[in-house]
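1. A predicted structure for the sequence below; I have some questions about it.
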Amino acid sequence: MVAALAEEVRVPHLRRLICYFLFSQLFPDDPRNPEDVPAANCPQHDGSIRVFNSAAATFYAPSDPSGIGGMQREHIRACPLWRNVYARNDCVFVNTNPELEGIEGLEVTRVGDHADEDTGMWIVHPSVHDDGTLNFAVIHLKTVYQAAHLIPVYGRDFIPNNIQYFHSYDAFCSYYVNKFADHHAFEIAS
């Protein structure tokens, strides 16, 4: 159930996040931030939860060399053990405000308000609360727009020799949103 899943994914407040998610889904016109609503007033969920570690996004991309008719499929993964070696948690663009164009209405993590002067790429960093703890949320699958490719902002220091490729999302403090990954990313992040 929820307690077992919370322990497995190491998010002890998962039950509370689910309540916030349910509140936002059931009361979409309520102007309050679900986190400001007393827990007793939020919908509760005590049933089972199904976890899917992969989703396939199929979309039309006529300018991509993607086969007949321009259809393309992309897999987005959140696996605790990818190929029996490491956890894989792909980055995605999440549609948080459909009223805004491009990256302005999307989040990868917390996006700044301008692109980097030298590269023209947006810089993102993990979203944290005022106390420094990571910001987690339960989101609706329909808000996932597409996968995002991030490049670490390396800084001036040398990278340790023992770093592995699967540590890259945990080893750096900020990342460039790679708008050159494909033409969709270019349109979103330009």
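-> That came through fine.
2. distance from the longest helix anywhere in the chain to the middle of the chain?
-> In the chain, taking DSSP state H as the definition, the longest helix is helix 14-26. Helix 14-26 sits 17 Å away from the centroid of its parent chain (C-alpha atoms, centre = their mean, to the nearest Å).
3. helices and strands around it, which ones?
-> helix 2-9 (3 or more C-beta pairs under 8 Å, 6 or more residues apart in numbering; DSSP states H and E). Any C-beta I mention is one placed from the backbone N, CA and C, and that applies to glycine too.
4. what comes up buried for the helix it packs on?
-> Ala6 (16 or more other C-beta atoms under 10 Å).
5. so what touches that helix?
-> Pro12, His13, Leu14, Arg15, Ile18, His45, Asp46, Ile49, Val51, Pro80 (C-beta atoms under 8 Å, 6 or more residues apart in numbering).
6. how big is the angle separating it from helix 14-26?
-> Inter-element angle recorded for helix 2-9 and helix 14-26: 110 degrees (by axes from the mean of the first three to the mean of the last three C-alpha atoms, to 10 degrees).
7. keeping just the C-alphas, turn helix 2-9 into PDB.
-> C-alpha atoms of helix 2-9 as PDB (Å, rounded to 0.1, in the frame of the first residue of the first chain):
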ATOM      1  CA  VAL A   2       1.000   3.600   0.300                       C
ATOM      2  CA  ALA A   3       3.300   3.100   3.400                       C
ATOM      3  CA  ALA A   4       5.300   0.400   1.600                       C
ATOM      4  CA  LEU A   5       5.600   2.500  -1.600                       C
ATOM      5  CA  ALA A   6       6.700   5.600   0.500                       C
ATOM      6  CA  GLU A   7       9.400   3.500   2.100                       C
ATOM      7  CA  GLU A   8      10.600   2.000  -1.300                       C
ATOM      8  CA  VAL A   9      10.800   5.400  -3.000                       C
END
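8. can I get the lengthiest strand in the chain in CSV, CA atoms only?
-> When the chain is parsed with DSSP state E, its longest strand is strand 71-82. Extracted in CSV, the C-alpha atoms of strand 71-82 (Å, rounded to 0.1, in the frame of the first residue of the first chain):
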residue,chain,number,x,y,z
MET,A,71,5.2,9.2,-36.1
GLN,A,72,7.7,8.9,-33.3
ARG,A,73,7.7,7.0,-30.0
GLU,A,74,9.7,7.9,-27.0
HIS,A,75,9.9,5.9,-23.7
ILE,A,76,10.0,7.8,-20.4
ARG,A,77,11.3,5.7,-17.6
ALA,A,78,11.4,5.8,-13.8
CYS,A,79,13.0,2.4,-12.9
PRO,A,80,14.5,1.5,-9.5
LEU,A,81,17.0,-0.8,-11.2
TRP,A,82,17.7,-0.2,-14.9
